[in-house]
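Enquirer: Have a look at this fold, sequence not included:
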């Protein structure tokens with residue numbers, strides 16, 4: 001089959017699908033799905049101590065999910081959420097660095113990285129979570145460098161992957 005015939009066949013099939021389509025388009029993203037982005041300007045994490053991220057500011061929060069006073073996200077609408085937590089620890093060649101995501105006080109997901117003497121140590125996790133209204137999501141750090149380390153900066157984000 002020559003290239004022009006294949007292209008015409010594909011064009012015809014797409015045109016047929018478009019005419020028969022009953023696909024309902026979702027409403028605009030900003031109006032329909034909860035989205036939140038919170039920032040931690042720099043939490044000091046003591047050696048071998050699990051430390052809660054201090055959520056200082058939100059730059060975007062469509063449904064009031066970020067509870068800055070409690071340093072947590074409180075789910076306002078049930079669904080499947082994509083949750084991301086990223087942080088950078090300063091250069092230190094000893095031990096490991098860990099980020100922990102908790103759902104309702106239970107460890108849900110974590111990312112552990114070996115320390116490096118050359119570059120800052122960046123950690124990150126992204127996961128899908130089935131959540132209910134009122135579920136609490138918290139973000140924690142842990143490290144065992146032998147001393148205290150202050151995170152250079154981190155972000156926590158959540159958004160629904162389905163309406």
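Expert: On my side now, so go ahead. All values derive from a computational prediction rather than experimental measurement.
Enquirer: Which helix or strand in the chain has the lowest average pLDDT?
Expert: In the chain, no helix or strand scores lower on mean pLDDT, DSSP states H and E than helix 29-32, which sits at a mean of 45.
Enquirer: Give me the next element, helix or strand, following it.
Expert: strand 35-40 (DSSP states H and E).
Enquirer: what's the helix or strand that that next one is followed by packed up against?
Expert: Sequence-wise, the next helix or strand downstream of strand 35-40 (DSSP H and E) is strand 44-45. Contacts defined by 3 or more CB pairs under 8 Å, 6 or more residues apart in numbering; DSSP states H and E place strand 44-45 against strand 136-143, strand 149-150. Just so you know, the C-beta spots here come from the backbone N, C-alpha and C atoms, and that holds for glycine as well.
Enquirer: where does the protein dip in pLDDT?
Expert: Applying pLDDT under 70 to the chain picks out residues 1-34, 161-163.
Enquirer: quick one: the strands in it?
Expert: Using DSSP state E, the strands of the chain run over residues 35-40, 44-45, 51-52, 57-61, 66-67, 72-74, 79-89, 92-103, 106-116, 121-131, 136-143, 149-150, 153-160.
Enquirer: Is the closest residue to residue 152 other than its chain neighbours bridged to anything, and to what?
Expert: Counting by CB to CB, 6 or more residues apart in numbering, residue 88 is the residue found nearest to residue 152 once chain neighbours are left out, at 4.4 Å. Per DSSP bridges, the residues bridged to residue 88 are residue 122, residue 153.
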